[in-house]
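Undergrad: Structural data only, the sequence is not supplied:
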DNA sequence: TTATTTTAAGACCCGGGAGTCTGAAAATGG
DNA sequence: CCATTTTCAGACTCCCGGGTCTTAAAATAA
């Protein structure tokens, strides 16, 4: 099981690709799909969702493409994942019990809640700006 | 996205149900599916995998059912999840990049590896015995 | 032996995520 | 205007996890 869907993976990588761009020009889906080896049509669909969510700004026609609609420091991993796959980043209860929480905990609740909170914080605090900076500084990769 | 599959959830709950039983008698799938409100046939299929993996022992016929094949202190969450859904508890790389690791990290690797290790440790250290003990002591629930 | 209870095994179906394809619509450049 | 480049939109296919159903096999009880 993956923590996030493939769509979210692609969305994150594309957002990083755009943010890591030195210039402010629009980036075409065609270029990104080629550079990161992702299906063009599939990536298009994902980026449309991010555009509708207000994370990206699109311009069509020649010289068109996608750009960030907000400063990279304002966009978090949580924003991106949520825009792509909805509001449930991952299920709260490991055992899938409805209403599991402090009030009515499942046997694993105490143990899992701690980890879950850490991951949620990571996604909520991590911005595109910080990731793009680290990516540039350390020469990290966005494709195989 | 859920961290583990529904099959794993059911497998964990059933294992806990059996481990929490005061007596050592075999428990029927019929009883567990009714008590925990899980599809009988689906639960059967999951428990068969756990039986083949050597975690449970089954006896059929009247008075038959399932029991732990090992001491509860020997069975970990990791054992159970692995027996149900294979060896990949969750993908190592958040971005889904092949070969992501210390050598060739993706932009999120440093941040995610830390969390991943904690979760893996939780699953590896947590035994059925301990969970059953806590469940009994605190009156925790295995169903909605 | 016969009937009953229970797991074992596998075929089958359904819905949704993943990915493809086609045809627009919008903007630019000549 | 016309051709090209690009996003936008939606129908379509494929595969797999989740779930149902049927039949066989094993054990017990009468």
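TA: Everything's here; your move. Small disclaimer: the values here were computed from a predicted structure and weren't measured.
Undergrad: what angle do the longest helix along chain A and helix B:109-125 make?
TA: Ranked by number of residues, the top helix in chain A under DSSP state H is helix A:109-125. Interaxial angle, helix A:109-125 versus helix B:109-125 (axes from the mean of the first three to the mean of the last three CA atoms, to 10 degrees): 170 degrees.
Undergrad: Which SSE is immediately downstream of helix A:109-125?
TA: helix A:128-138 (DSSP states H and E).
Undergrad: List of residues touching that next one?
TA: Residues from elsewhere that reach helix A:128-138, judged by CB atoms under 8 Å, 6 or more residues apart in numbering or on different chains: A:15-16, A:19-20, A:68, A:71-73, A:75-77, A:80, A:140, A:142, B:105, B:107-108. (Glycine included, C-beta is placed from N, CA and C.)
Undergrad: Same check on stretch A:62-81?
TA: Contacts with stretch A:62-81, where a contact means CB under 8 Å, 6+ apart, come from A:4, A:8, A:11-12, A:14-15, A:18-19, A:24-29, A:31, A:47, A:50-51, A:53-59, A:89, A:120, A:122-132.
Undergrad: Any quick ChimeraX command for the buried ones out of these?
TA: Entered in ChimeraX, the line below selects the buried ones among the contacts of stretch A:62-81, by 16 or more other CB atoms under 10 Å in any protein chain shown:
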select /A:4,8,11,12,14,15,18,19,26,27,29,47,50,55,56,58,89,122,123,126,127,128,129,130,131,132
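Undergrad: backbone phi and psi for residue A:12, please?
TA: phi -60, psi -50 (degrees, to the nearest 10).
Undergrad: My read is that it contacts residue B:95, right?
TA: Yes. The pair residue A:12 / residue B:95 is scored as a contact, 6.1 Å apart, by CB atoms under 8 Å.
Undergrad: Now do the shared contacts for the two.
TA: With CB under 8 Å, 6+ apart, residue A:12 and residue B:95 have common neighbours residue B:108.
Undergrad: DNA strand C contacts on chain A?
TA: A:5-7, A:10, A:39, A:41-42, A:44-45, A:59-64, A:85 (CB under 7 Å from any atom of the strand).
Undergrad: got a winner among the residues you listed for most neighbours?
TA: Using other CB atoms under 10 Å in any protein chain shown as the neighbour criterion, residue A:10 leads the residues of chain A next to DNA strand C with 23 neighbours.
Undergrad: which SS class is it?
TA: At residue A:10 the chain is in helix, as set by DSSP: H, G, I helix; E, B strand; the rest coil.
Undergrad: Where do the helices of chain A begin and end?
TA: Per DSSP H, chain A carries helices over the ranges A:6-20, A:29-36, A:40-52, A:77-85, A:109-125, A:128-138.
Undergrad: Dump those helices into a markdown table; add distance to residue A:99 and mean pLDDT as well.
TA: Output for the helices of chain A, formatted as a markdown table (distance: least, CB to CB, whole Å; pLDDT from 0 to 100):
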| stretch | distance to residue A:99 | mean pLDDT |
| --- | --- | --- |
| helix A:6-20 | 26 | 95 |
| helix A:29-36 | 41 | 93 |
| helix A:40-52 | 30 | 95 |
| helix A:77-85 | 22 | 94 |
| helix A:109-125 | 11 | 95 |
| helix A:128-138 | 35 | 95 |
